[in-house]
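Colleague: Predicted model and sequence below, questions to follow.
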Amino acid sequence: MRQLFYNQALGEALAEEMRRDKTVTLWGIDIGPYGGANGVTKGLWEEFGEARVIDTPVAELGYVGMGVGAAATGIRPVIELQFSDWITLPMEMIVNQAAKMRYMFGGILEMPLVIRAPIGGYLNAGAQHSNSFESWFAFVPGIKVVVPSTPYDAKGLLKTAIRDNNTVIFFEHKKLYGIKGEVPEEEYTIPFGEAAIRREGKDVTIVTYAYQTLRTLSVAEKLAKAGIDAEVIDLRTVKPMDETRILESVKKTHHLVVAQEIWKTCSVSSEVAALVAEQALDYLDGPIVRVTAKEAPVPFSPSLEEEVLPKEQDIYDAVLKTLGR
Amino acid sequence: MNIPREKLLMMYERMLKIREFEDRVRVLFAEGELPGFVHLYLGEEAVAVGACAPLNDDDYITSTHRGHGHIIAKGGELDRMMAELYGRATGYNKGKGGSMHIAYPKLGILGANGIVSAGIPIATGAAMSAKVRKSGQVAVCFFGDGASNEGTFHESLNIASAYSLPIVYVCENNLYAVSTRQSRVRKIEDIADRSIGYGMPGVVVDGNDVVAVFEACKEAVDRARSGAGPTLVECKTYRWRAHFEGEVDTYRPPEEVEAWIKREPIAPYEKLLVQQGIASEAELKAIKDAVIKEMEEAVEFARKSPFPAPETALEDVWA
Ligand SMILES: Cc1ncc(C[n+]2csc(CCOP(=O)(O)OP(=O)(O)O)c2C)c(N)n1
Ligand SMILES: [Mg+2]
């Protein structure tokens, strides 16, 4: 099958949806002739023109807020943030406006807004360019949160996001833009709330997402050599979360590890752990073990970043721990 | 030119330091010696130096992602800066910050910043603090043309003006924010015009003329210190390099880059110093040689310094 880079797959999703629906409009910083800081929008300005591929000033509160007003009035804005780190600036527009307007107004309008934003560390980019804030948004009713780990998923989930009539925060991990994977020529979409079982196994369930999926899969191969058969579940969407698949898997393996890149407190891993504790505690034969970042801002120096962000070895050790080995 | 000789030579030395430092960083980064990202200040040396020259050591500055020049202009040491860029324990911030986050409060340096425009309210806060403490300190806030489109700029200028805070806003207008030419996203030519809306003086200066920057900023700093309130100083300048090292710059016409490189700030200043009898060519050469030597030592220092011990990663999260 045809292979595409993750960023190309995203670009293709945008192009297809823009052809299909004239109301799909992009804006953000440097997305026009420049093609976006990560090359996702390459060629779109040329094809769709500056009325639908709009370069904005550096004004996040303004251009994300504008997405709320535009989404409420017949446009499907897909907004690119150059890095997700400064999604802090338009937080008000996302959390108090976009997420709530439909509900507060009694269901009389829709909010088909997509915000695409790169997350993640392992790049020595320092404390303000290495964040992953997915848990913040999962917390808020009215917002869906997408975290694709493959080019195939990136494309299919972005198309679904654009067609969704709710606010979707679409997090793209920076370490993934340059990875290649199979993407069919034919049209497809991927529904939200369906996790992918990346590897079937019977001994332990490892729930993960985004870049940690790749790392977890490599750990699973090492575990296999040690005679441990791990099942790897990639959430694909943090909200809605595929509770069914997680629970089914845990009922089969009786062990749960959750691996995520960023901090532990009140995070996605907290939610997965709580879900299993609430609904499948009796099936567990070992403690739930979480692999997360240590609780410090992501530091710049390679020797420190390596210490703060989770290592593959941490995932390996977590599996041994839940298995009591 | 009513500027003391000592100050004139200090400005020369600091511009040279910035030039040497940035040029060295360019090479080291290309050779893969430096982790992360670096945004170089090459071509804009006169802005940082002219704006910091009127300041005292305890006056404040806030800086940007393109911050090396500001730190050097405020008196930052090349060795500890270079060590920070190398991610070493001896760096200004123990390797935790890196190129985009150098800070040194002892010299009033409240930090470079990875978030565009974030330094603007922070500098405004330092000015408010100085006013509350009646300390007589002034804050200088560096930011780009791109940053002037953020809400923080507008909110901060209004507050500073309303309370006559001791601050000077120094806009480095290098025409671009990453790939975006400012005329595509802003209708007015001069950012200084925005001062009118906030009831403060606004000045446009040639950001490649260190004396012009110094004179405009000196007046603004004196005004701020006297309690008369803030000023917006817009410096027209240009970055020579791509937005960050490694970026492919396809968006700026090569002729434009060339023309600005020809208008570089150091050589004309050198000529001026000689012509006005402030220093001989030999004296200037001695300054230059000393800077080059210092630069060499800074790289050596950084290379020889240890990486921070992993267990320090969790130190300093909390006070
Ligand atoms: C809030 C925020 N938005 C976007 C960015 C990405 N970004 C980094 S530098 C930059 C351009 C800033 O332009 P300007 O303020 O003119 O400074 P220059 O790079 O020209 O010195 C952008 C958009 C960021 N770091 N922070
Ligand atoms: Mg600029």
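Modeller: Yep, that arrived. From a predicted model like this one, the values you see are computed outputs, not experimental measurements. Ligands and ions are numbered 1, 2, ... in the order given.

Colleague: Of all the residues in the stretch 151-300 of chain A, which one is nearest ligand 1?
Modeller: As assessed by Cβ to the nearest ligand atom, ligand 1 sits closest to A:K174 within the stretch 151-300 of chain A, at 13.3 Å. C-beta here means a position set from N, CA and C on the backbone, and glycine is covered the same way.

Colleague: next one: the stretch 51-200 of chain A
Modeller: Closest point on the stretch 51-200 of chain A to ligand 1, by Cβ to the nearest ligand atom, is A:W86, at 3.7 Å.

Colleague: On the three-state scheme, that residue is what?
Modeller: helix (DSSP: H, G, I helix; E, B strand; the rest coil).

Colleague: hang on, the earlier thing: what is the neighbour count of the residue of the stretch 151-300 of chain A closest to ligand 1?
Modeller: 20 (other Cβ atoms under 10 Å in any protein chain shown).

Colleague: Find the helix or strand that the closest residue to A:L81 other than its chain neighbours is a member of.
Modeller: Excluding its sequence neighbours, the residue lying closest to A:L81 (Cβ to Cβ, 6 or more residues apart in numbering or on different chains) is A:A117, at 4.1 Å. Secondary structure from DSSP states H and E places A:A117 in strand A:114-119.

Colleague: List the contacts of that strand.
Modeller: A:10, A:28, A:38, A:40, A:64, A:67, A:76-84, A:87, A:94, A:131-134, A:147, A:158, A:161-162, A:164, A:167-174, A:177, A:210 (Cβ atoms under 8 Å, 6 or more residues apart in numbering or on different chains).

Colleague: rerun at 6 Å
Modeller: A:78-81, A:83-84, A:87, A:132, A:161-162, A:168-174 (Cβ atoms under 6 Å, 6 or more residues apart in numbering or on different chains).

Colleague: follow-up on the earlier one: and the residue of the stretch 51-200 of chain A closest to ligand 1, how far is that from A:V319?
Modeller: 36 Å (Cβ to Cβ, to the nearest Å).

Colleague: just B:V299 next, same as before
Modeller: 44 Å.

Colleague: who has more neighbours, those two?
Modeller: Shown here are B:V299 and A:V319; by other Cβ under 10 Å, A:V319 has more neighbours (27 against 21).

Colleague: can you tell me which residues contact that one?
Modeller: A:204, A:223, A:257.

Colleague: Make sure the first one is actually in contact with A:H255.
Modeller: Yes. Counting by Cβ atoms under 6 Å, A:V204 does reach A:H255; the two are 4.1 Å apart.

Colleague: Can you tell me which residue of the stretch 1-150 of chain B sits closest to ligand 2?
Modeller: Using Cβ to the ion, the closest approach of the stretch 1-150 of chain B to ligand 2 is made by B:G144 at 3.8 Å.

Colleague: coming back round to it: in strands, which of the contacts of strand A:114-119 appear?
Modeller: A:78-80, A:168-173 (DSSP state E).

Colleague: contacts with ligand 2 among the residues you listed, please.
Modeller: Filtering the ones in strands among the contacts of strand A:114-119 for neighbours of ligand 2 using Cβ under 5 Å from the ion leaves an empty set.

Colleague: from the residues you listed, which is closest to chain B?
Modeller: A:E80 (12.5 Å; Cβ to the nearest Cβ).

Colleague: So what's the residue count around that closest one?
Modeller: A:E80, neighbours per other Cβ under 10 Å, totals 26.

Colleague: Spatially nearest residue to it (excluding sequence neighbours)?
Modeller: A:G28 (3.3 Å).

Colleague: Walking through the stretch 201-325 of chain A, point out its strands one by one.
Modeller: A:204-208, A:230-234, A:237-239, A:256-259, A:289-291 (DSSP state E, counting those that start in this stretch).

Colleague: Show me which residues of the first one are buried.
Modeller: It refers to strand A:204-208. A:204-208 (16 or more other Cβ atoms under 10 Å in any protein chain shown).

Colleague: Using PDB, write out every CA atom in it.
Modeller: C-alpha atoms of strand A:204-208 as PDB (Å, rounded to 0.1, in the frame of the first residue of the first chain):
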ATOM      1  CA  VAL A 204      -0.700  -7.600  30.500                       C
ATOM      2  CA  THR A 205      -2.700  -4.700  29.000                       C
ATOM      3  CA  ILE A 206      -0.700  -1.600  28.200                       C
ATOM      4  CA  VAL A 207      -2.900   1.400  27.500                       C
ATOM      5  CA  THR A 208      -1.100   4.300  25.800                       C
END
